[in-house]
Structure formats: C-alpha cells, structure tokens
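> quick one: sequence plus predicted model below, questions after.
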Amino acid sequence: MRCIANLLNEKKLTKTEKILKDFFLDQEKTACFMTSTDIALSAGVSEATVIRFSRKLGFSGFTDFQKYLRDNFQKEYSQISQNITVPYERLLKSLEKEDADFVEEFAISSQNNIYNTISNNKQTAYDKAINIIHSSKTKYVMGSRANIGLASYTYFLLNCMLPDVQFVSTPAASQIDNLLNISENDVLLVFSFPRYSKLDEVTAKMARDSGASIIAITDRPSAPVAAMASVVFTVDVSSPIFFNSFVGAQLVLETLCAGLSRKIGKASTNRLKMLDNYLDLLKIY
C-alpha cells in the first residue's frame, strides 16, 4: 500500500488542493478519524472540495479515501500487536521507536480500535446476543487473567438488570467448578484475547457440550472460542505497548448492556430500587 505522501506527490494539484495536501501530510495520524466536514473546517476549504480532492486521487469518494487512510494507519500502528504476542518482546519492540509522542500514539491507536470495533460488529449481532441473554435462564460470565476485569464489569452490569447472573472467574473455585450446573437453557459470555488461554477454550467447550449458548468477545473469527460460539464479536486489541487495549471490548459490552436495558425496559426498575435502598444505607455507590 502506497503511503499518503507518495500518493499526493503523484498528482498535479490546484492551489486549493495543495492546501488539502499540506493538511493531510501534517495531520496524517488524525485525519483518518475526521469527517469530510471536519477536514473542510480545519483546512479552510469547502466540503465539496474535500470530496473532489478524494476523487482526484483515484477514490470513489471521501469514504473510500478515509478507508485508505485508516488502512495505512492500521498497518503502521498495529504491527506490534499483530506480529508479537509475548509481552516482554512487545515492550522491547515498542522501545525501538525514537521520539515517540506516546500520548498521541496511544490515543490514535485507541481511536482506531474503536473504529474497527464499530465496523466489524453489526446491529444484527447485538440483537441476536441480546435476545439470547434475555431469554436464557442463567447467564455465566467468564474471563481469565487480564480479561477478568472485563468479565467482572459485565457481571456487575448484567446483575443490576437481570436475576441469575453468575461470575465464574472466582478465587474460591475454578471456572470449571463454577460451570457444573450449566445447561442448554443458559448462556456463557466469554472474553478471550491473545495469547489465548487454554482455560478459555476448555470452559467454552464445557458450555457447548452442555448445550448452552455462547457469546464470544474476541479479536478474530479464527480465535479458539469463536468456533463454538452462537454469536462472535470481534474487537481490535492492538496497542503500541506490551499489553492489549480493551477499549473495543469495553465498547461491545457496554453496547450490549445498553441494548439489553432497552429491551428489558421498566422490568428491572424494582431490582434497581431495592439495590439502591441498601446501598444508600451503606453510603456505597
């Protein structure tokens, strides 16, 4: 894929188009997340000029050009996460970059993860997952090691809305112990990201063998738990440093809970009122 500089230098541009050329060269890292209106305002040109400029570069329109910019960004900033999974090797790789503005770099990487998560997961997947959760008898939530935080927050939100929610990643017993009662009437929500834990796979297998539905939040369709899942959400966990970024996974779980809350409606009002009454006695919120 050609870099933006080479692409822009190939074209004979008008005075106004050269303003856009300078803008894209200067703002390459952030322009891929801006709308055509945002770019027009920032560069001091009309939105129509931005669209014509995109077509002059050989794209069908601004959306096509924006995808090109994002693909270029993804190629540059996701290299560490895609090719290296061992944390200390990722850290050493990240330290090779000189004069890096880590705040901007991490912010842009997070923006890209959010964009990819939105692009990869359609409303039909959310609707299906919400219906499964709502109709299931017991909702089991699982995550191992670093993914426990995501699972714990999911349990917290679901438990505020629905009865019979079980957090299986407890210190008192293993995930396998806590899934002994899972059946075809239940659902398992599992978070699994590289380096994939065998525990995630075996736990999902236990749920599948019991006939339960599985909702997997992972990074790719080829992930071990994905093949066993009724619904798969794929999120980008790329990061310019040694750990996975969970902003995409957080977006998925909060979107699921938002949709589920709408589906339940006022049915969980009494549950929330009772919870709030006792929390108020303790002044813990």
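That came through fine. Numbering: from 1, shown residues only.
> for Thr203, what are its contacts?
142, 168, 175-176, 179, 188, 190 (Cβ atoms under 8 Å, 6 or more residues apart in numbering). Using the backbone N, CA and C atoms, a C-beta is placed for each residue, glycine as well.
> just the element for it, please.
For Thr203, the element it lies in under DSSP states H and E is helix 198-209.
> next one: that helix to chain centre, how far?
Distance of helix 198-209 from the chain centroid (Cα atoms, centre = their mean, to the nearest Å) equals 22 Å.
> could you point out which element follows that helix?
Next element after helix 198-209 (DSSP H and E): strand 213-218.
> packing partners for that next one?
Where contact means 3 or more Cβ pairs under 8 Å, 6 or more residues apart in numbering; DSSP states H and E, strand 213-218 is packed against helix 123-135, strand 187-192, helix 198-209, strand 231-234, helix 247-264.
> buried ones in the longest one?
Put plainly, it is helix 247-264. 247-253, 255-257, 259-260, 264 (16 or more other Cβ atoms under 10 Å).
> stretch 53-67 now?
53-54, 57, 59, 62, 65-66.
> what does stretch 110-123 give?
So for stretch 110-123, counting by 16+ other Cβ under 10 Å, buried means 110-117, 120-121.
> let's have the residues you listed in a markdown table, adding pLDDT.
A markdown table is the format used below for the buried residues of stretch 110-123 (pLDDT from 0 to 100):
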| residue | pLDDT |
| --- | --- |
| Ser110 | 82 |
| Gln111 | 82 |
| Asn112 | 81 |
| Asn113 | 84 |
| Ile114 | 88 |
| Tyr115 | 83 |
| Asn116 | 84 |
| Thr117 | 89 |
| Asn120 | 87 |
| Asn121 | 93 |
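> just the closest of those residues to Val231, please.
Asn121 (9.6 Å; Cβ to Cβ).
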